[in-house]
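K.L.:
Dropping the sequence and predicted coords here.
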Amino acid sequence: MSETNNPLDDPTADPFAIAAEAAEDIARLTGVDRHDIALTLGSGWGKAAELIGETTASFPATEVTGFSKPALEGHVGTLRSVRTPKGRNVLVIGARTHFYEGHGPRRVVHSVRTAAATGARTMVLTNGAGGIRHTWKPGTPVLISDHINLTGASPLEGATFIDLTDLYSLRLRDVARQIDPSLDEGVYCQFRGPQYETPAEVQMAKSFGGHIVGMSTALEAIAARQSGMEILGMSLITNMAAGIQTTPLSHQEVIDAGREAEPVISSLLARVIGAL
Ligand code: HPA
C-alpha cells in the first residue's frame, strides 16, 4: 500500500488539472492527440485489447501522471492505444485502482478523468463480478443496466449535483444487444471489498434490486458521467455470489473463470467496440 508522491493525494490539488496533465503524457507516449473511446479491462476481459484493432502504443500506466501501481495479480498495469479498422482510437486501460486499496475515490477515478481529458466521449467499463440470478452460470457476460453504490463514497467533491438517470446508456446497451441478442442485463452493486460479501449482504443486495455484486465500476461510472461521457458497463459473472453458490468463494476461482471465458467475451467486446 505504501507508495509515495501521488499528486492526487494533495487535497489542495485539482484532480481535473492532474487528469489534463496525464492526458498530455498519453498524447506524448502514443503520438495520438485524441482518443475517441476508452475501455477499462476488468478480470477476464484482457484479451479484448488485441482483438479491437492494431496496438499502436503500449506502456506501463506508472509512466503517466497520477496512475498507481496495480495492487493485484490478474490485473495488468498497462495502457495502450489501439486503432480500430474504422480508424477510431481506443484508449485501453489495463490498470484499475480499486476503492478497497484505500487511496480514496480520486485515485479510483483518475483513469476515467484522464480518458475524458484525452477526448474520449464513450467510456466502456468492464469487470468480473458475482452473479445473483441463478440463470447466470460462471462465464456469462451481462450488461449493466444501473447500479447501487454501497461504498458510501463518491468521486464528486463539494456540492456537485449530477443526474444519474440513464447512467448506463440504453443506446449503448442496444448496440451491444445487436451484436449478441442473448445478452442479459442487471443492476450492479458496488461493495467496498476487498472481502467478498456475506450471504446476508448478497440477500440485501438482491432485496434492494441488485443482480450483480462487485468491487469496482460504480464510482468510475459516476466520474465518467460528470465528465459528460456516454457509458457502457459489462460484467463477466465469474462466480455465483456468496450464498447463491454454496461453496466458498476464492480469488483463484474468479481468475480461472475469467481465463476460461476470456476468448469468447473478449471477441464479443471487440465486436461491440467496433460497432460503437
Ligand atoms: N463479489 C464481489 N466481487 C467479485 C465477486 C463477488 O462475488 N466475484 C468477482 N468479483
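P.N.:
Perfect, I can see it now.
K.L.:
does the residue nearest to the spatial centre of the chain sit in a helix, a strand or a coil?
P.N.:
When CA atoms, centre = their mean is applied to the chain, the residue found nearest the centroid is residue 125 (3.4 Å). With DSSP: H, G, I helix; E, B strand; the rest coil as the basis, residue 125 sits in strand.
K.L.:
Wait, residue 6 touches residue 66, no?
P.N.:
Yes: between residue 6 and residue 66 a contact is recorded at 6.3 Å, counting by CB atoms under 8 Å. The C-beta positions use only the backbone N, C-alpha and C, and glycine is treated the same way.
K.L.:
Those two - which one has more neighbours?
P.N.:
Between residue 6 and residue 66, counted using other CB atoms under 10 Å, the more crowded position is residue 66 (23 against 18).
K.L.:
residues in contact with that one?
P.N.:
Going by CB atoms under 8 Å, 6 or more residues apart in numbering, residue 66 touches 6-8, 18-19, 21-22, 107, 110, 114.
K.L.:
Helices along this protein, start to end?
P.N.:
15-30, 48-52, 105-117, 170-179, 199-207, 218-226, 251-275 (DSSP state H).
K.L.:
got JSON lines for those helices, with distance to the ligand and mean neighbour count too?
P.N.:
Below are the helices of the chain laid out as JSON lines (distance: least, CB to the nearest ligand atom, whole Å; neighbours: other CB atoms under 10 Å):
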{"stretch": "helix 15-30", "distance to the ligand": "26", "mean neighbour count": "19"}
{"stretch": "helix 48-52", "distance to the ligand": "18", "mean neighbour count": "20"}
{"stretch": "helix 105-117", "distance to the ligand": "15", "mean neighbour count": "26"}
{"stretch": "helix 170-179", "distance to the ligand": "21", "mean neighbour count": "15"}
{"stretch": "helix 199-207", "distance to the ligand": "8", "mean neighbour count": "16"}
{"stretch": "helix 218-226", "distance to the ligand": "12", "mean neighbour count": "25"}
{"stretch": "helix 251-275", "distance to the ligand": "4", "mean neighbour count": "18"}
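K.L.:
okay, and the common contacts of residue 6 and residue 66?
P.N.:
Common neighbours of residue 6 and residue 66 (criterion: CB under 8 Å, 6+ apart): residue 107.
K.L.:
so what's residue 132 up against?
P.N.:
186, 202, 205-206, 210-213, 240-241, 244.
K.L.:
hmm, back to that, please render the helices of the chain as CSV that adds mean pLDDT to the earlier fields.
P.N.:
Below are these laid out as CSV (pLDDT from 0 to 100):
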stretch, mean pLDDT
helix 15-30, 98
helix 48-52, 91
helix 105-117, 98
helix 170-179, 97
helix 199-207, 98
helix 218-226, 98
helix 251-275, 91
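K.L.:
what separates the spatially most distant residue from the centre of the chain from residue 231, distance-wise?
P.N.:
No residue in the chain sits farther from the centre than residue 246, which is 27.7 Å out by CA atoms, centre = their mean. Computed with CB to CB, to the nearest Å, the distance linking residue 246 and residue 231 is 34 Å.
K.L.:
Flag every residue of the stretch 101-250 of the chain that's near the ligand.
P.N.:
128-130, 196-197, 213-215, 238-239, 241, 249 (CB under 6 Å from any ligand atom).
K.L.:
Name the member of these that has the highest neighbour count.
P.N.:
Highest neighbour count within those, by other CB under 10 Å: residue 129, with 31 neighbours.
K.L.:
quick one: contacts for the closest residue to that residue other than its chain neighbours?
P.N.:
Leaving aside its chain neighbours, residue 129 sits nearest to residue 214 (3.6 Å; criterion: CB to CB, 6 or more residues apart in numbering). Residue 214 makes contact with 127-130, 188-191, 235, according to CB under 8 Å, 6+ apart.
K.L.:
among those, which are in strands?
P.N.:
Judged by DSSP state E, the contacts of residue 214 include 127-130, 188-190, 235 as members of strands.
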